[in-house]
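# the following block contains a protein sequence and its predicted model.
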Amino acid sequence: MSESNSPDVDAIAIDESDNVATCLHEIEAGAAVSVMSGREVLSLTATDAIPRGHKIALGEIADSEAIRKYGEIIGKASTAIALGQHVHTHNVVD
């Protein structure tokens, strides 16, 4: 099992209800991404380039669905967001 400080983990999700994870470094479009979520390591593919500290979608997020980070609602999707897509101000509203 990988640990959260392992160099092979690219992003972390803090709460089991999170539908986004925070990227620990810049991610290139098309890159394989390992996400530490609780004790699990999830694997997905980034559909966009994502800067360090920005969010990646952990699943399909419907238009107007709540965006959850750290177990809290931080906004709503302003459009449908695909698995692995960059989640930021261009597709999230308050």
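Yep, that arrived. These numbers were taken from a predicted model, which means no experiment stands behind them. Numbering: from 1, shown residues only.

# next, count neighbours for D94.
D94 has 8 neighbours, counted by other C-beta atoms under 10 Å. Every residue, glycine included, has its C-beta placed from N, CA and C.

# so in terms of bridging, what pairs with the residue lying closest to it once chain neighbours are set aside?
Using C-beta to C-beta, 6 or more residues apart in numbering and skipping the chain neighbours, the partner closest in space to D94 is G75 (5.5 Å). G75 forms beta bridges with I67, as assigned by DSSP bridges.

# what is the burial count for G75?
Neighbour tally, G75, other C-beta under 10 Å: 17.

# in contact with it, which residues?
A66, I67, V92, V93, D94 (C-beta atoms under 8 Å, 6 or more residues apart in numbering).

# what do you get if the cut-off is 6 Å, keeping everything else the same?
Counting by C-beta atoms under 6 Å, 6 or more residues apart in numbering, G75 touches I67, V92, V93, D94.

# tell me how far N19 lies from A29.
20 Å (C-beta to C-beta, to the nearest Å).

# V33 - how many residues pack around it?
Quick note: V33 (other C-beta under 10 Å) scores 20 neighbours.

# look at S2 and report its pLDDT.
S2 is assigned a pLDDT of 39 by the prediction.
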